[in-house]
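Q: Take this sequence and fold it.
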Amino acid sequence: MNRMLGKSPELQSVLRAARLVASTDVTTLILGESGTGKELLARTLHDESPRAGSPFIAVNCAALPEGLAESELFGHRRGAFTGAVDAHDGRIAAADGGTLFLDEVGELPAAVQAKLLRFLESGECQPLGATRPQAVDTRVVAATHRDLHQDVAAGRFRADLYYRLQVIPLELPALRERPSDIPALLSHFLETLAGQHGLPGPRLSCAARQCLEAYAWPGNVRELRNTCERLVILHAGQTIEPDHLPAALRTTGGAGNSFRLPAEGVRMDELEADLIRQALARTEGNRSRAARLLGLTRDTLLYRMKKYGLQEEIAGMQRTPLLSA
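A: As a prediction, this is how the structure comes out:
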């Protein structure tokens with residue numbers, strides 16, 4: 001798992017499970033916020049599997065035009081629909097013998113979800129316009145940043161497909177959950193990107209490094225990489241000081257931001273319920289991400305929502321634009 005940088009326990013536990021998964025053909029669902037490295041983990045699973053010598057085909061399901069999604073994945077025969085002047089094998093067949101990575105699988109249209117489930121169950125793929133299906137030996141690895149469990153409950157995603165995809169779920173931690181990996185990632189990206197651009201690498205002052213290590217990185221590893229590339233290009237060969245950093249990165253949290261108990265005390269149940277509401281609002285109703293913000297497991301969050309009678313309230317909030325998925 002050399003592609004994934006980091007020695008934190010949070011990441012290493014995922015990589016240990018991934019090593020076991022890589023040697024099998026089991027369908028895998030990779031979970032995690034945007035920018036955590038889901039495609040990188042999928043490529044690593046492929047590279048360390050017996051399928052490593054065969055194609056790895058990545059598909060961004062969110063970018064597939066709804067009317068063409070079925071054709072893009074399953075292919076079509078000539079004349080199958082208006083504009084089908086040539087036959088097209090489709091991405092599933094293109095990955096025969098290898099791995100198909102379906103990124104943002106939660107964005108697939110309902111009709112395509114049904115056909116994908118049939119392929120996963122039977123191993124057969126039927127292109128549009130074909131009279132019979134064909135056997136295809138393609139392993140499927142899917143990924144999403146959405147809470148598919150919530151989408152199933154809301155009727156936006158098929159329950160049977162959800163359970164079929166998550167035979168082995170792997171959830172990548174957000175970068176803020178593994179801050180001990182930030183120094184190694186900074187050094188790696190600054191050195192690697194300087195080499196790619198043919199520039200002398202910048203150096204980080206102690207103060208700048210403290211800012212970068214204290215930042216929450218809401219965009220995760222992708223945001224950190226992009227920041228490093230900006231620093232390499234704009235400050236090649238220089239010593240980076242806090243003033244060279246974007247304003248958001250110069251504002252770091254400290255002890256002054258810790259909670260102070262008011263003299264009149266607090267009602268813990270009211271405080272906890274309010275924090276749960278805030279976390280769900282900030283994550284647009286995504287319970288898994290809200291649980292991570294609160295340092296809880298998803299099951300614990302659901303238990304406490306039930307304890308404080310928040311299900312009805314949150315369900316009503318989800319019908320507003322703020323919490324729509």
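Q: quick one: Leu11 and Leu128, what's the gap?
A: Leu11 sits 41 Å away from Leu128 when distances are taken as CB to CB, to the nearest Å. (C-beta placed from N, C-alpha, C; glycine too.)
Q: For the two, indicate the residue with more neighbours.
A: Leu11 (22 against 16; other CB atoms under 10 Å).
Q: Can you verify my assumption that Ile92 contacts Gln126?
A: No: with contacts counted by CB atoms under 8 Å, Ile92 stays clear of Gln126, the gap being 10.3 Å.
Q: overlap in contacts of those two?
A: Counting by CB atoms under 8 Å, 6 or more residues apart in numbering, the contacts common to Ile92 and Gln126 are Phe74.
Q: And the two? Which one has more around it.
A: Between Ile92 and Gln126, counted using other CB under 10 Å, the more crowded position is Ile92 (24 against 17).
Q: Could you say which helix or strand holds the more buried one?
A: Element membership for Ile92, per DSSP states H and E: helix 91-94.
Q: Skip ahead from that helix and say which helix or strand is next.
A: Scanning the chain past helix 91-94 towards its C-terminal end, the next helix or strand to appear is strand 99-103 (assignment: DSSP H and E).
Q: Report the distance from that next one to the chain centre.
A: 13 Å (CA atoms, centre = their mean, to the nearest Å).
Q: That one pairs with which strands, and in what direction?
A: Partners of strand 99-103 in the sheet, by DSSP bridges, are strand 56-60 (parallel), strand 139-144 (parallel).
Q: deepest of the ones you listed, which one?
A: Sort those by mean neighbour count, taking mean count of other CB atoms under 10 Å, and strand 139-144 sits at the top with a mean of 25.
Q: which is the next helix or strand following that strand?
A: Remark: after strand 139-144, the chain's next helix or strand is helix 148-153, criterion DSSP H and E.
Q: Now the element after that next one, going C-ward?
A: Towards the C-terminus, the helix or strand next in line after helix 148-153, according to DSSP H and E, is helix 159-165.
Q: from the middle of its chain, how far away would that next one be?
A: Helix 159-165 sits 18 Å away from the centroid of its parent chain (CA atoms, centre = their mean).
Q: mean confidence for it?
A: In this model, helix 159-165 has an average pLDDT of 96.
Q: Summarise which helices and strands whichever helix or strand comes after it is packed against.
A: Scanning forward in sequence from helix 159-165, with DSSP H and E defining helices and strands, the next element found is strand 168-171. Here strand 168-171 is seen to pack against helix 9-22, strand 28-31 when contacts are counted using 3 or more CB pairs under 8 Å, 6 or more residues apart in numbering; DSSP states H and E.
Q: which stretches of the stretch 201-325 of the chain form strands?
A: Assigned by DSSP state E, counting those that start in this stretch, the strands in the stretch 201-325 of the chain fall at 203-204, 239-240.
Q: Ok, which of the strands paired with strand 99-103 comes nearest Gly201?
A: The closest of the strands paired with strand 99-103 to Gly201 is strand 56-60. By CB to CB, the value is 29.9 Å.
Q: Would you pull up how far the helix or strand following the closest one lies from the middle of the chain?
A: Tracing the chain C-terminally past strand 56-60 and defining elements by DSSP H and E, one meets helix 69-74 next. Distance of helix 69-74 from the chain centroid (CA atoms, centre = their mean) equals 23 Å.
Q: likewise stretch 151-169?
A: On the basis of CA atoms, centre = their mean, the separation between the geometric centre of stretch 151-169 and that of its chain is 16 Å.
Q: what's the answer for stretch 203-216, then?
A: 25 Å.
Q: buried stuff in that stretch?
A: Judged by neighbour count (16 or more other CB atoms under 10 Å), stretch 203-216 contains these buried residues: Leu204, Ala208, Arg209, Cys211, Leu212, Tyr215.
Q: Just the closest of those residues to Glu284, please.
A: Nearest to Glu284 among the buried residues of stretch 203-216: Tyr215, at 22.0 Å, using CB to CB.
Q: How much space separates the closest one from Pro246?
A: From Tyr215 across to Pro246, the span is 9 Å (CB to CB).
Q: Then Leu310?
A: For Leu310 relative to Pro246 (CB to CB), the value is 36 Å.
Q: Who has more neighbours out of the two?
A: Set Leu310 next to Pro246 and count neighbours by other CB under 10 Å: Leu310 wins out with 18 against 12.
Q: Can you list the low-confidence ranges for the chain?
A: Low-confidence regions of the chain, defined here as pLDDT under 70, cover residues 1-2, 76, 78-85, 87, 251-263, 314-325.
Q: can you list the domains in it?
A: Domain assignment of the chain by automatic domain parsing yields the ranges 9-173, 179-256, 268-323.
Q: Could you look over the ones you listed and pick the most buried one?
A: Ranked by mean neighbours (mean count of other CB under 10 Å), those are led by domain 9-173, with a mean of 18.
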